[in-house]
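K.L.:
Here is a sequence together with a model predicted from it:
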Amino acid sequence: MLGLMQDQPLLISSLIEFVERHNGDGEIVSRRVEGDIHRTTWGGIASRSRQVANALDCEQLLFSDRVATLAWNGYRHLELYYGVSGSGRVLHTINPRLHPDQIAWIANHAEDQILCFDLSFLPLVQAVHARCPGIRKWVALCDADRLPVDSGVPNLVSYESWLGQQSSDYDWPTFDENSASSMCYTSGTTGNPKAALYSHRSTMLHAYAAALPDVMRISAQDSVLPVVPMFHVNAWGIPYSAALVGCKLVFPGPSLDGKSVYELIESEGVTFAAGVPTVWQMMLGHMQTNGLKFSKLNRTVIGGSACPPAMITAFQENYNVEVLHAWGMTEMSPLGTLCTLKNKHLALPADAQLQIRMKQGRAIFGVDMKIVDGEGNELPWDGKAYGDLLVKGPWVVKEYFKGEGGDPLVPDAQGRGWFPTGDVATIDADGYLQITDRSKDVIKSGGEWISSIDIENIAVAHPAVAMAACIGVFHPKWDERPIIAVVKKPGAEVTREELLKFYEGKTAKWQIPDDVVFVEAIPLGATGKILKTRLRELLKDYKLPTL
Ligand code: AMP
C-alpha cells in the first residue's frame, strides 16, 4: 500500500518561490567586482532569476543543457543558481583558479553552451574562447556600459542587457526530482578532472540537512557570509540552505583578504561565516595585528582541509566564536560530517572539549560511513583503528559525469555501493570521525603510519609559524620520513632546532619530523588547499641531512 501524501518533486525552484513569499525582504548584500557594495533582497533575486530563465528560453536552451559560470560569490551568481537550475538547465560552476587549459577542457567536456563570467575573468575568457567552440554566447556579469570593447570575444553580451529585455514572469517547470541541477569538477591532481553531477533531489536533501541545529544551524535570524566560493561545490550548499531558512546573505565578491572579509563581517552584522582554514588564517592575522574584535559573529564552519586546533582555540578564546569543524568533498555535495558536542560533553573541561572539536565530527543524517582495512573488512569505531573511509547516501555520487573513471563504488556483502573517499580516518565510539590524512599523503615510516595533518597542526601552533606542510621523503631504512616545510609569520623568527624541540612531548618521538625546510610560500591549489604534489616537485632534490 502506498502512502496517500502529495507527490511533489523536490525542486530547487521551490526554494526561491518559498523565500520570496516568506522572506522576500531578506537582504542579499554583495561586494562587487566593480568595487562597490550592492544591496538587493530575496524578492529581487527571485524576480531576476525568472528573467534568467526567460533569457535561457530565448536562447533555446533545452532541458539539461549546461550553462557555465566563472564568477565570484555575488547576487548575479545567485540569480544564475536559481534561474539556470530552476528552469531545468544544469549550472556548471567552473573554478577560475584552474589553469586555462583545464578550464577549456572541462568546458568542452561539460558541453557548456553559455558561459557567464565576472569581468575579473575576462583575460581567462580571452585565453580560452577560441578553444571552446560549443559556447555560443559569453555573458559578462556587468552593466551594458561596462562591457569591454574590442575584447576579441565573439557573441559577447552584458548580463544586464541580456536580462533587461526579459519579463520577470515565469512559471517554473515541474519535472523529475532526480534531474541534474548543477555540476562541479574535482580538482583532479592526477588525470583529467571528473565531474560530480548533482540532482535537484540530492541538492534539496543536502540543503535541509545542512541547516540543521547540529550541522550549520542556520536560521532566519542569521546573517551568513559564505567565503567558500560558489564555484566550488555550491559554496557548501549555503545558497540553497539560506533560501530554505530565509536568512540574510552577505557575499564577499573578489575581496578575500583578511581586512576585507573582517570589515564585511562587521559592517553587515554577520553572525555565521564559512571558509577554508587558509582564509581564516589571513583574517585572524589581520585582527591580531590590529587588535580587532567581532561584534556579532558567533560561529564559523571551517573545512575543506584540516582545521588546526590552534585556530579553533584562537577563535574560541580570543573572539568567543564557536568553530564547527566540517569534513566533506565535491563528490558529497559536499557535507559529510560536522563537529558539534553531544549533551554529555557539555560538562567536560575545555581541554577535553577541544580534543573532540579538533575532530571532523559526526555523520550528518543522510550520510553512512565506515572505515575498512586493505582487504575491505570493516574496522572498529574505537578512535584508534584507522582505515580507508567509505561513504554512501542520497547526496553522494554514484558515478561521475559521462561515466568517467568507470564505476567508483565498492560493493558490500549486501551489494550496496560505497564511495571510497581516498581519505584515511578513525571513528570513535561516539561516532566522531577524525581524518588522519589523504591516503596518498600519509607518511609510511617503518611499517607505521604518520599523519601529516598531526605534524602540521603542531607546527602551526608555534607562534612564529604562518603555514606548514608535511610530506614524506625517501629514507633507505624507514622507507619514508616526515619533513615539514614552514612559512614564518612576517617579522617572526624561529630556528630549525627550536621548532623540532617544540614537537617534544606533543607527539611520539618517532613521529617528530627529521627536518624543517623554511620556504617563502607553500603552493596552494585551486580551492585554497595545500598542493602537496607541487610541494613534492619543488623539493624533489631535497636530501635528509641525516643521510
Ligand atoms: P574537495 O573535493 O576538493 O573539496 O576535497 C575533498 C577532500 O578535502 C577530502 O576528501 C579531504 O581529503 C579533504 N578535507 C575536506 N575537509 C577536511 C577536513 N575538515 N579535514 C581534513 N581534510 C579535509
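P.N.:
Structure's in. What do you need?

K.L.:
And the helices in the stretch 51-200 of the chain?
P.N.:
75-86, 100-110, 122-128, 159-164, 200-211 (DSSP state H, counting those that start in this stretch).

K.L.:
Also the stretch 351-500 of the chain?
P.N.:
Using DSSP H, counting those that start in this stretch, helices in the stretch 351-500 of the chain cover 452-460, 496-503.

K.L.:
ok so, going back, looking at the helices of the stretch 51-200 of the chain, which is buried most?
P.N.:
Greatest average neighbour count among the helices of the stretch 51-200 of the chain goes to helix 75-86 (a mean of 27), per mean count of other C-beta atoms under 10 Å. In short, each C-beta sits where N, CA and C put it, glycine included.

K.L.:
Okay, angle between that helix and helix 200-211 too, please.
P.N.:
Angle of helix 75-86 versus helix 200-211, following axes from the mean of the first three to the mean of the last three C-alpha atoms, to 10 degrees, is 130 degrees.

K.L.:
Tell me how many other residues surround the residue of the stretch 351-500 of the chain found nearest the ligand.
P.N.:
Using C-beta to the nearest ligand atom, Ile435 is the residue of the stretch 351-500 of the chain that sits closest to the ligand, at 4.0 Å. Counted with other C-beta atoms under 10 Å, residues neighbouring Ile435 total 21.

K.L.:
host element of Gly253?
P.N.:
Assigned by DSSP states H and E, Gly253 falls within no helix or strand.

K.L.:
Pretty sure it sits against Val29.
P.N.:
No. Checked against C-beta atoms under 8 Å, the pair Gly253 and Val29 is beyond contact range at 10.2 Å.

K.L.:
Comparing these two, which shows the higher neighbour count?
P.N.:
Between Gly253 and Val29, counted using other C-beta under 10 Å, the more crowded position is Gly253 (24 against 21).

K.L.:
roughly how far apart are the residue lying closest to Ala220 once chain neighbours are set aside and Glu20?
P.N.:
Closest residue to Ala220 apart from its sequence neighbours, by C-beta to C-beta, 6 or more residues apart in numbering: Gly246 at 4.6 Å. Computed as C-beta to C-beta, to the nearest Å, the Gly246 to Glu20 distance reads 10 Å.

K.L.:
Return every residue with contacts to both of these two.
P.N.:
Shared contacts of Gly246 and Glu20 (C-beta atoms under 8 Å, 6 or more residues apart in numbering): Trp42.

K.L.:
for the protein, which spans come out with low pLDDT?
P.N.:
Applying pLDDT under 70 to the chain flags the ranges 187-191.

K.L.:
Which parts of the stretch 201-350 of the chain are helices?
P.N.:
Secondary structure of the stretch 201-350 of the chain (DSSP H, counting those that start in this stretch): helices located at 233-236, 238-245, 258-267, 277-290, 309-313, 319, 350-357.

K.L.:
wait, which of these is closest to Val516?
P.N.:
Val516 sits nearest to helix 309-313 of all the helices of the stretch 201-350 of the chain, at 17.4 Å, using C-beta to C-beta.

K.L.:
what about the closest one, distance to the chain center?
P.N.:
Relative to the chain's own centre, helix 309-313 is displaced by 20 Å; criterion: C-alpha atoms, centre = their mean, to the nearest Å.

K.L.:
hmm, who's touching it?
P.N.:
Taking C-beta under 8 Å, 6+ apart as the rule, helix 309-313 contacts 277, 280-281, 284, 302, 323, 325, 354, 357-358, 457, 460-461.

K.L.:
Near the ligand, which residues of the stretch 251-400 of the chain? Just list them.
P.N.:
303-307, 325-330, 334, 360 (C-beta under 6 Å from any ligand atom).

K.L.:
out of those residues, who's nearest Pro154?
P.N.:
Thr330 (31.6 Å).

K.L.:
related to what we said a few turns ago, could the residues of the stretch 251-400 of the chain next to the ligand go into a markdown table alongside distance to Ser182 and neighbour count?
P.N.:
Below are those laid out as a markdown table (distance: C-beta to C-beta, whole Å; neighbours: other C-beta atoms under 10 Å):
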| residue | distance to Ser182 | neighbour count |
| --- | --- | --- |
| Gly303 | 20 | 26 |
| Gly304 | 18 | 24 |
| Ser305 | 23 | 20 |
| Ala306 | 27 | 26 |
| Cys307 | 26 | 27 |
| His325 | 26 | 26 |
| Ala326 | 20 | 24 |
| Trp327 | 21 | 28 |
| Gly328 | 16 | 26 |
| Met329 | 16 | 21 |
| Thr330 | 12 | 21 |
| Pro334 | 12 | 24 |
| Gln360 | 25 | 23 |
